[in-house]
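# Please work out how this folds:
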Amino acid sequence: MAINQKWKDTMLMAIKDAKWDAYDVTIKAQVALYEKKFPALKDKVNWLLIKAMVWTESGGVSSASWATRVIQIGNTGDPAYAVLKKGSEGSELIMSDTLKKSLSEKSIDDAQLNIEAGIAYLYTRMAKSLFQSIRDAKDGKVYEYVVLPGDNLDKIANKVGTTLEEIKKQNPAASGIIQPKMKLKYIKAKTTRVITGWYDFTADTIADRYNGGGDANYADKLKFILSDVIPHLKR
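Numbering: from 1, shown residues only. Here you go, the predicted structure:
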């Protein structure tokens with residue numbers, strides 16, 4: 001499906017209008033923040049991709065959303081706002097404490113917050129993560145538990161504050177049937193989500209991971225802005 005010419009003409013208006021650059025400082029600051037938090041992303045994220053997202057999502061400086069929900073976070077049918085407020089899908093690992101606080105106290109109609117939230121959701125969707133058993137960094141003591149009648153490994157792990165994986169690691173023989181009075185060693189641990197890598201920040205991947213097929217032309221729109229608009233800006 002081809003991009004609508006009227007949409008292209010609107011984007012081309014940015015070439016001679018510096019008002020379209022209003023959020024550049026915010027975008028650059030957010031990319032720098034995430035590079036500092038996640039060193040593996042150093043020089044991996046082109047901030048202009050996010051600039052293109054802001055233009056695509058908002059529709060430009062003449063749109064009603066340009067000064068409010070710039071990147072559409074909080075709109076009906078958009079899952080991002082709920083994900084961020086709940087800290088779900090790994091977003092709790094992405095967001096700064098400042099952003100978490102802002103989301104709980106400020107209106108999502110605040111343009112700067114809307115962009116910061118949109119970028120946080122982008123990084124959430126681009127992160128590869130899985131759940132792992134992580135030992136308590138403040139308590140490396142090896143404890144001992146005596147198995148009671150009716151116990152199973154899951155119940156024991158929940159009872160003593162460790163994980164099934166940690167119990168099995170400390171007690172190889174416990175992978176089978178456990179018996180009352182058996183002594184099990186364990187270290188305090190919990191199962192938590194950890195970031196293991198990142199998807200490439202490209203127009204196609206962002207369209208898939210972030211937009212999720214909501215706009216069939218999303219990737220092409222980003223590419224159009226990056227190739228036919230931004231290189232020709234007159235400031």
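# residue ranges for the helices of this protein, please.
Along the chain, counting by DSSP state H, helices occupy 5-12, 24-37, 47-58, 80-86, 91-94, 97-105, 111-126, 153-160, 164-170, 203-206, 218-224.
# out of those helices, nearest to Ala189?
Closest to Ala189 of those is helix 164-170 (Cβ to Cβ; 4.3 Å). For the C-beta atoms, the positions are set from N, CA and C on the backbone; glycine is no exception.
# Tell me which residues touch Leu148, please.
The contact partners of Leu148, taken as Cβ atoms under 8 Å, 6 or more residues apart in numbering, are Pro180.
# Need the phi and psi values for it.
Main-chain torsions, Leu148, degrees, to the nearest 10: phi -100, psi 160.
# Return the distance of it relative to Arg125.
44 Å (Cβ to Cβ, to the nearest Å).
# Ok, Leu226 next?
Per Cβ to Cβ, Leu226 is found 19 Å from Arg125.
# what about these two, which has more around it?
Neighbour count, other Cβ atoms under 10 Å: between Leu226 and Arg125, Arg125 has more, with 21 against 16.
# give the contact list for the more buried one.
Going by Cβ under 8 Å, 6+ apart, Arg125 touches Glu89, Arg209, Tyr210.
# ditto for Lys141
Lys141 sits next to Ile187, Lys188 when contact means Cβ under 8 Å, 6+ apart.
# at 10 Å instead, please
Contact analysis of Lys141 by Cβ atoms under 10 Å, 6 or more residues apart in numbering lists Tyr186, Ile187, Lys188.
# Would you mind confirming that Gly161 is in contact with Lys188?
Yes. With contacts counted by Cβ atoms under 10 Å, Gly161 reaches Lys188, the gap being 5.3 Å.
# which one of those two has more residues nearby?
Using other Cβ under 10 Å as the criterion, Gly161 and Lys188 rank with Lys188 on top: 18 against 15.
# ok so, going back, so which of the helices of the chain is nearest Ser65?
Closest approach to Ser65 among the helices of the chain is made by helix 47-58 (5.0 Å; Cβ to Cβ).
# Right, I'll call it a day here.
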